[in-house]
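Peer 1: For reference, the sequence and a predicted model appear below.
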Amino acid sequence: STAGPDMDDVLRRTVAAVPPYEMREKPALQEASSREFVQFYRGLGAAERPLFLTKLAADYGTDHGLVSELYGRVREVQSRDLGTLLQAEDRLRYSLTPRYKFLISHICRLEEGVKFIVDLRADILQFLQNKTADSPQLREMNGILKTLLSDWFSIGFLNLERITWQSSCDLLQKISEYEAVHPVRNWADIKRRVGPYRRCYVFTHNAMPREPLIVLHVALTDNISNNIQAIVRKDPSLETTEDVNKITTAIFYSISSSQRGLQGVELGTYLIKRVVKELQVEFPHMSQFSSLSPIPDFTKWLRGTLSFKIKEGKSNQIFTELEYKELQDIIEGPVLEKLQHLLSNNEWVKSDKLVRILETPLMRLCAWYLYGEKHRGGALDPVANFHLQNGAVIWRINWLADTSPRGLSSSFGIMANYRYFLEDANRNSVQYLRTRQIEASKQILSLVAQCQTISKL
Ligand SMILES: CC(=O)SCCNC(=O)CCNC(=O)[C@H](O)C(C)(C)COP(=O)(O)OP(=O)(O)OC[C@H]1O[C@@H](n2cnc3c(N)ncnc32)[C@H](O)[C@@H]1OP(=O)(O)O
């Protein structure tokens, strides 16, 4: 292998042998070697890390020969007394623990050891995603780390914190940096987001102090918002106190997880549920809970669909005759080709005529994209998939809801309300996860039905 000799030496030295079965209750502390492993890994360059982790996963995993031998033993004692059988099964179980898992357990006891493991999994996810490393053992290690992290970061160990203007600067700064949905531009922005008619909640973990693991921004309103500029861009509200009578609805307008290594640990689901409870205590009469969500990949999907139809020569399968004619009247040349070009930047939104003509077809196609397009059985759109997993319904899509460059380029400015009907959320979530059945409102279902009759997708 091209790995430098010191990689092998370090692994040999720092990955302790699996304690013998009889000593399994009292594994010797491996503080020094765990520290050395952490320091060595941190010192590795980006190109060496995939190699190192691939070696760790491959050479310090499970002893397959021992597993097979102990499995044979379990089969032998099937008809023996229960005590003997359970003992044989426990030995088999113990032999299935990969050797590197003992190292991970030692590392998490170090100062900042948990953070190191979270970052290590983030590296593995990245290597697997961009294929700089991809082996069955590395995939197995990712699964083992995800299970460990899901235990360490389960709801019982998480602290809910509300961020206010009185929170510390380093927390406010991190909240600003971690905002992945509607970027925070300056202090005025962040002050607005923690000011009147706003709430900002994070989860923290004692093993990673002062680190917001996931951030949820909420707007307190008296209706279900259909425009994000009204929430994030409006000048700071002159009101310094909140009129409770104007607060009947919670709008989740941004949720971002900050630790890549915790992907799949579902912190977002926990945080939304926890915040709903928190808000119900503060506002017992609150009756509506909904997101105002981006649709990050709709433009990309529509462009793909249009170019596919153009290639197939079936350009009249997207729009109605009337829409097609109206488009033809204001676009010279072949409609779909020209439309592809027109929609490749945000200029179209400056033409009132185009905005008027495009609203009906784009809204119809967007409803279909959210409800009909699937990936691995679930909604293709990752944000839709997230909220549907939480038990929300696709309640409404809103035209020109986000006229920022980012909103226009990702979804022609359309945004979705995923609504949480609290009494149905659990049932919807179970149903979605089991059957991928999507709950949607009448507005969405009628747009989908129209799309199915008009556009052959
Ligand atoms: C109000 C709003 O709706 S804002 C829009 C949602 N937020 C964003 O897109 C910001 C970027 N995304 C994130 O920070 C996270 O993915 C979150 C907060 C959405 C979800 O994180 P977690 O709760 O830790 O959930 P987890 O990582 O288990 O993923 C759950 C689902 O989120 C969905 N998801 C949404 N956005 C993303 C994303 N950018 N990357 C990965 N998954 C995403 C995935 O479909 C995933 O489902 P899957 O596990 O079946 O693939």
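Peer 2: Noted; the coordinates are in hand. Numbers count the residues shown, from 1 in each chain.
Peer 1: from here on, contacts and neighbour counts on C-alpha atoms
Peer 2: Noted.
Peer 1: In contact with the nearest residue to residue 408 once chain neighbours are set aside: list those residues for me.
Peer 2: Nearest non-adjacent residue to residue 408, counting by Cα to Cα, 6 or more residues apart in numbering: residue 346, 6.2 Å away. Neighbouring residues of residue 346 by Cα atoms under 8 Å, 6 or more residues apart in numbering: 405, 408-409, 412.
Peer 1: Where neighbours are concerned, which of the residues you listed has the most?
Peer 2: Highest neighbour count within the contacts of residue 346: residue 412, with 30 neighbours (other Cα atoms under 10 Å).
Peer 1: Any stretches of this protein with poor pLDDT?
Peer 2: Scanning the chain for pLDDT under 70 picks out the ranges 1-5, 234-238.
Peer 1: does residue 455 really touch residue 317, like I thought?
Peer 2: Yes - under the criterion of Cα atoms under 8 Å, residue 455 makes contact with residue 317 at 5.1 Å.
Peer 1: so which strand or helix has residue 341?
Peer 2: Using DSSP states H and E, residue 341 sits in helix 335-342.
Peer 1: try residue 215
Peer 2: Per DSSP H and E, residue 215 falls inside strand 214-221.
Peer 1: distance between that strand and the chain's centre?
Peer 2: Distance of strand 214-221 from the chain centroid (Cα atoms, centre = their mean, to the nearest Å) equals 16 Å.
Peer 1: helices or strands next to the lengthiest helix in the chain in the packing?
Peer 2: For the chain, the longest helix by residue count, based on DSSP state H, is helix 352-372. In terms of contacts (3 or more Cα pairs under 8 Å, 6 or more residues apart in numbering; DSSP states H and E), helix 352-372 is packed against helix 298-312, helix 321-330, strand 378-379, helix 442-454.
Peer 1: following it, which helix or strand comes up?
Peer 2: Later in the chain than helix 352-372, the nearest helix or strand by DSSP H and E is strand 374-375.
Peer 1: Please compute how far that following strand lies from its chain's middle.
Peer 2: On Cα atoms, centre = their mean, the centre of strand 374-375 falls 16 Å from that of its chain.
Peer 1: is it true that residue 184 touches residue 178?
Peer 2: No - contact between residue 184 and residue 178 fails when scored by Cα under 8 Å: they sit 9.2 Å apart.
Peer 1: Close to the ligand: what parts of this structure are there?
Peer 2: Within the chain, the residues that sit near the ligand (Cα under 6 Å from any ligand atom) are 180-181, 252-257, 263-269, 291-294, 382-383, 385-386.
Peer 1: same thing but at 5 Å, please
Peer 2: Selection of the chain residues close to the ligand by Cα under 5 Å from any ligand atom yields 252-257, 263-268, 291, 293, 382-383, 385-386.
Peer 1: wait, residue 216 sits on residue 252?
Peer 2: Yes - using Cα under 8 Å, residue 216 is in contact with residue 252, at 7.0 Å.
Peer 1: Residues in contact with both of these two, list them for me.
Peer 2: By Cα under 8 Å, 6+ apart, residue 216 and residue 252 have no common neighbours.
Peer 1: re the thing from before, deepest-packed of the helices and strands packed on helix 352-372, please.
Peer 2: Among those, strand 378-379 has the highest mean neighbour count (mean count of other Cα atoms under 10 Å), at a mean of 23.
Peer 1: Tell me which other helices or strands the helix or strand that that strand is followed by touches.
Peer 2: Using DSSP H and E, the helix or strand that follows strand 378-379 towards the C-terminus is helix 382-389. Secondary-structure packing of helix 382-389 (3+ Cα pairs under 8 Å, 6+ apart): strand 393-398, strand 415-419, helix 422-435.
Peer 1: mind listing the strands in the stretch 151-300 of the chain by residue range?
Peer 2: 158-162, 198-205, 214-221, 249-257, 288-291 (DSSP state E, counting those that start in this stretch).
Peer 1: Export those as JSON lines, with columns for mean neighbour count and distance to residue 34.
Peer 2: Below are the strands of the stretch 151-300 of the chain laid out as JSON lines (neighbours: other Cα atoms under 10 Å; distance: least, Cα to Cα, whole Å):
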{"stretch": "strand 158-162", "mean neighbour count": "16", "distance to residue 34": "26"}
{"stretch": "strand 198-205", "mean neighbour count": "22", "distance to residue 34": "22"}
{"stretch": "strand 214-221", "mean neighbour count": "24", "distance to residue 34": "28"}
{"stretch": "strand 249-257", "mean neighbour count": "23", "distance to residue 34": "28"}
{"stretch": "strand 288-291", "mean neighbour count": "23", "distance to residue 34": "44"}
